[in-house]
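Student: 3D model of this:
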Amino acid sequence: MADTDDFTTGDAGASNTYPMQCSALRKNGFVVLKGRPCKIVEMSTSKTGKHGHAKVHMVGIDIFSGKKYEDICPSTHNMDVPNIKRNDFQLIGVQDGYLSLLADNGDVRNDLKVPDGDLGKEMELKFGNGDDTLVSVLCAMGDECAVALKAMSNK
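Tutor: Sure, this is the predicted structure:
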């Protein structure tokens with residue numbers, strides 16, 4: 001018997017992206033440019049000649065790497081928009097370049113790298129000082145990254 005179905009991924013069937021018409025996209029929204037989830041930082045629409053479609057020129061910044069991407073798309077065409085999830089975790093450790101994060105349900109994650117630059121330094125400093133800190137983790141298209149820090153409010 002040939003095994004055709006693969007159920008090992010265990011995902012709920014939610015797609016990484018959904019389509020949206022180019023003309024409906026907005027600055028500060030999200031879009032997939034060159035296969036990467038990006039935040040739109042610039043948009044402009046150009047009128048075209050006879051029988052043509054208006055074109056939308058977009059510039060986006062990759063939400064994980066910070067790289068800049070550009071694309072031009074007819075305004076009537078659809079573009080993919082990434083499904084983005086943001087979760088907050090309590091920072092409980094920093095070791096060997098990885099974060100130890102505590103979820104609301106009590107699970108501990110040790111698989112996220114300390115971000116590069118000032119944010120990573122600030123995380124290490126806050127943990128070193130013993131501050132109760134929440135780390136915001138952005139998840140899109142199978143990638144995850146710690147993107148922000150905030151002080152925990154005492155309940």
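Student: got phi/psi on L119?
Tutor: phi -60, psi -40 (degrees, to the nearest 10).
Student: got the contact list for the residue nearest to it when sequence neighbours are not counted?
Tutor: Setting aside the residues directly before and after it, L119 is nearest to L149 in space (Cβ to Cβ, 6 or more residues apart in numbering), at 6.9 Å. From N, CA and C alone the C-beta is placed, and that goes for glycine too. If you count contacts by Cβ atoms under 8 Å, 6 or more residues apart in numbering, L149 has them with L91, L119, E122, M123, K126, T133, L134, V135, S136.
Student: so for the helix or strand encompassing L149, what gets flagged as buried?
Tutor: Using DSSP states H and E, L149 falls within strand 143-151. Across strand 143-151, burial judged by 16 or more other Cβ atoms under 10 Å covers E144, C145, A146, L149.
Student: go on, stretch 105-116?
Tutor: Buried, per 16+ other Cβ under 10 Å, within stretch 105-116: R109, L112, V114, P115.
Student: helices along the protein, start to end?
Tutor: 117-128 (DSSP state H).
Student: the strand holding L149 versus helix 117-128: what angle between them?
Tutor: 60 degrees (axes from the mean of the first three to the mean of the last three Cα atoms, to 10 degrees).
Student: circling back to that earlier point, same list (the buried residues of stretch 105-116) but as JSON lines, adding distance to G35.
Tutor: Below are those laid out as JSON lines (distance: Cβ to Cβ, whole Å):
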{"residue": "R109", "distance to G35": "26"}
{"residue": "L112", "distance to G35": "22"}
{"residue": "V114", "distance to G35": "26"}
{"residue": "P115", "distance to G35": "22"}
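Student: D71: which of those residues is nearest?
Tutor: D71 has its nearest neighbour among those in P115, at 26.3 Å by Cβ to Cβ.
Student: wait, what's in contact with K55?
Tutor: T45, S46, T48, I72, C73, P74, S75 are the contacts of K55 under Cβ under 8 Å, 6+ apart.
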